[in-house]
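Engineer: okay, predicted coordinates and the sequence, questions at the end:
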Amino acid sequence: MATVPRRSLVALGAAALLGVSACGGTAAPPSAVPSAAPTAAAQGPWTWTDDRGKSLSLPQRPQRVVAQSAAAAALWDFGVRPVAVFGPHKLKNGGRDPEVGEVDISKVESIGNVWGEFNVEKYASLQPDLLVAGMYQKNTLWYVPPESVAAVDQIAPSAGVQLSGKPLVEIIERYGALAAALGADLKAAPVAGAKSRFDAASAALKTLAAAKPDLKVMIVTGTPESLYVAYLPDHPDIKYWGELGLNIVYPPKPTQSEGGFWEVLSWENADKYQADVILVDARSQSMKIEEMAKKPTWAKLPAVKAGQLYPWHAAERYSYLGYAKVMEELAANLEKSRDDVVK
């Protein structure tokens, strides 16, 4: 099965190739009020200006929120409980897709699990107050099919959160602000604890980077036809790690025809860049390391021969908890890695 990076939606035709099964449900869930949200606070007008510059104004705070899976995961960590999700959330084996984070998929409705699958009729039947989705491309809600946009807009207002071209922490804070506007308590112990954990993980990664300045790290994903090398400036997470001091190997510019984010290499040219450590896209629909091992040029890379291949959680939700876990794992993997693999 051909697989592609999560970003560069139009150019890469990404989600048309996502291969996970659909998840459904029949009974509409009860209104999803955010945890620790006083009922009185829901009274009165509610306003929000999203990252498209779109001003939303509702008679009262939205109670029934439907969100794209990654957005749902971020909101969930801040204390908001959506009534339904769309986008990757259920694996073929019935398990929870990592993209949906801590969301309890047994308690939310599904209106689509793969690219192009957005059940407009079911969405309408849930009587949503608000739809939330991230945006990798300007003004384009992730996983809302272009042909469904008009119908979706007629059912309920939507809030877009820009995910590209912004710093990692700013995106996390933006989701936090939206969660607070939806009634979440950002001072609640779980949220405050996640923020402390994120700060500690950032500090630990910065310390490790200073202790291992020669450790070269490259981030990739692959399809049977091509190897995609991540272009640091276009990925908020990778850019953040670079700011912490991690020595990241990345192309001088992305392949423009692919819409940015990556330099696309043929497998014959997979040795164009070399690193001591390679982080490989860990999403379920992406090419597996075992599959990459069959590519001769890949097998000859120093990091591959040294066995220094670790996961890159490309679809991690933008929350303190999500990225605290990512950086803790990353630091543990880099701590045990040799920095003399590339001669």
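Structural biologist: Sure thing, it's come through.
Engineer: quick one: the helices in the stretch 151-300 of the chain?
Structural biologist: Ranges of helices in the stretch 151-300 of the chain, per DSSP state H, counting those that start in this stretch, are 168-181, 189-211, 236-243, 289-292, 296-299.
Engineer: among these, which is nearest residue 92?
Structural biologist: helix 289-292 (16.8 Å; CB to CB). Yep, even glycine has a C-beta here, placed from its N, CA and C like the rest.
Engineer: just the buried residues of that closest one, please?
Structural biologist: By neighbour count with 16 or more other CB atoms under 10 Å, helix 289-292 contains the buried residues 289, 292.
Engineer: let me have the helices of the stretch 151-300 of the chain in a markdown table, adding mean pLDDT as columns.
Structural biologist: Conversion of the helices of the stretch 151-300 of the chain to a markdown table gives the following (pLDDT from 0 to 100):
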| stretch | mean pLDDT |
| --- | --- |
| helix 168-181 | 98 |
| helix 189-211 | 98 |
| helix 236-243 | 97 |
| helix 289-292 | 95 |
| helix 296-299 | 96 |
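Engineer: out of the ones you listed, the one nearest residue 98 is which?
Structural biologist: That would be helix 236-243 among the helices of the stretch 151-300 of the chain, by CB to CB, at 14.2 Å.
Engineer: who's in contact with that closest one?
Structural biologist: By CB atoms under 8 Å, 6 or more residues apart in numbering, the surrounding residues in contact with helix 236-243 are 163-164, 166-169, 171, 205, 209, 217, 219, 230, 232-233, 248, 250, 316, 318, 323, 326-327, 330.
Engineer: at 6 Å what do you get?
Structural biologist: Helix 236-243 is contacted by residues 168, 171, 219, 230, 232, 248 when judged by CB atoms under 6 Å, 6 or more residues apart in numbering.
Engineer: among the helices of the stretch 151-300 of the chain, which is nearest residue 102?
Structural biologist: With CB to CB as the measure, helix 189-211 is the member of those nearest residue 102 (10.1 Å).
Engineer: for the closest one, packing partners?
Structural biologist: The contact analysis (3 or more CB pairs under 6 Å, 6 or more residues apart in numbering; DSSP states H and E) places helix 189-211 against helix 320-335.
Engineer: picking that back up, can you redo the helices of the stretch 151-300 of the chain as TSV, where the extra columns are distance to residue 101?
Structural biologist: Formatted as TSV, those follow (distance: least, CB to CB, whole Å):
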stretch	distance to residue 101
helix 168-181	12
helix 189-211	12
helix 236-243	15
helix 289-292	23
helix 296-299	30
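Engineer: out of these, nearest to residue 283?
Structural biologist: Shortest distance between residue 283 and these, using CB to CB, is found for helix 289-292: 12.6 Å.
Engineer: can you list the neighbours in contact with that closest one?
Structural biologist: Here helix 289-292 has contacts from 222, 280, 298, 309, using CB under 6 Å, 6+ apart.
Engineer: run a quick neighbour tally on the second one.
Structural biologist: Think residue 280. Close neighbours of residue 280, defined as other CB atoms under 10 Å, add up to 21.
Engineer: so what sits opposite it in the bridge?
Structural biologist: Here residue 280 sits in beta bridges with residue 220, residue 311, going by DSSP bridges.
Engineer: coming back round to it: if you rank the contacts of helix 236-243 by neighbours, which is first?
Structural biologist: Within these, neighbour counts (other CB under 10 Å) peak at residue 230, which reaches 28 neighbours.
Engineer: what's the end-to-end length of stretch 220-228?
Structural biologist: With CA to CA, to the nearest Å applied, stretch 220-228 spans 5 Å between its terminal residues.
Engineer: and the helices in the stretch 1-150 of the chain?
Structural biologist: Taking DSSP H, counting those that start in this stretch as the criterion, the stretch 1-150 of the chain contains helices spanning 9-12, 69-78, 120-125, 149-155.
Engineer: let's have those helices in CSV, adding mean pLDDT.
Structural biologist: As requested, the helices of the stretch 1-150 of the chain are exported to CSV (pLDDT from 0 to 100):
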stretch, mean pLDDT
helix 9-12, 32
helix 69-78, 97
helix 120-125, 96
helix 149-155, 94
